[in-house]
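Undergrad: Sequence first, predicted coordinates after that:
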Amino acid sequence: MKVTVYGGTHTNSFTQEELEESNKLGRWLGERKIEILTGACRGFPYFVGKEAATLGSKVVGFSPALNKKEHVEKYSFPTDGVTKMVYNDVDGSTKAENFLRRSLDMNHFSDIVIALSGSWGTYIELIFSFFFKKTIILIENFGGATEAFWGTYRYFDERDNNLDVHHGARIIRCKNVDDAIKELDRFYKI
């Protein structure tokens, strides 16, 4: 099972409870040696990945950069929250284009997506996940893009009858990390 972790990356705005919850999710994944995919960035994906890696999980970071030097200097991203780094093979004209390419690449390899808060980047990654028909776990108490995506999903779910688009993706909304772990445990036991 491969789990992609999306989420907020602005480290100056995290509460102690959010950090503890991120680490709890990382511990659960790490204890089961579940492979984790992240955007090789800061924030919640970093905290989850770093915790899981310390417990022996393979954590693959998909960087928007072309190489390690650019990853650190251009993007100011850490290198220690992953066990393997995958760099972009094409340099886009903007950072935004590189982020989008990285997110698309990462999405192909995941079985389940977990989202903890986030902003525009996480929101777009969730849209990609929806159209790739992934199982998406939204953790409600983190807010941010997870709540915005849930609202958008509900709006179109009630109004859109395009079954080809809708069928396949599975959206699971959890109140907190403990509920998300219960959902993940169902997939883990399969």
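TA: Structure received.
Undergrad: Might you report the residue contacts of residue 72?
TA: Residue 72 sits next to residue 79 when contact means Cβ atoms under 8 Å, 6 or more residues apart in numbering. For the C-beta atoms, the positions are set from N, CA and C on the backbone; glycine is no exception.
Undergrad: any idea which element it lies in?
TA: Per DSSP states H and E, residue 72 falls inside helix 68-73.
Undergrad: List the buried residues for that helix?
TA: Neighbour-count burial for helix 68-73, counted by 16 or more other Cβ atoms under 10 Å, picks out 70, 71.
Undergrad: which element follows it toward the C-terminus?
TA: Next element after helix 68-73 (DSSP H and E): strand 84-86.
Undergrad: And the contacts of that next one?
TA: 40, 58, 59, 60, 61, 62, 63, 68, 71, 79, 105.
Undergrad: Can you name the next helix or strand after it?
TA: Per DSSP H and E, the first helix or strand lying C-terminal to strand 84-86 is helix 95-109.
Undergrad: Now that next one: average pLDDT?
TA: Across helix 95-109, the average pLDDT comes to 91.
Undergrad: any weak-confidence spans in this structure?
TA: Scanning the chain for pLDDT under 70 picks out the ranges 11-12, 161-167, 190.
Undergrad: Do a quick rundown of the helices in this protein.
TA: 16-31, 43-54, 68-73, 95-109, 120-131, 145-159, 163-166, 177-188 (DSSP state H).
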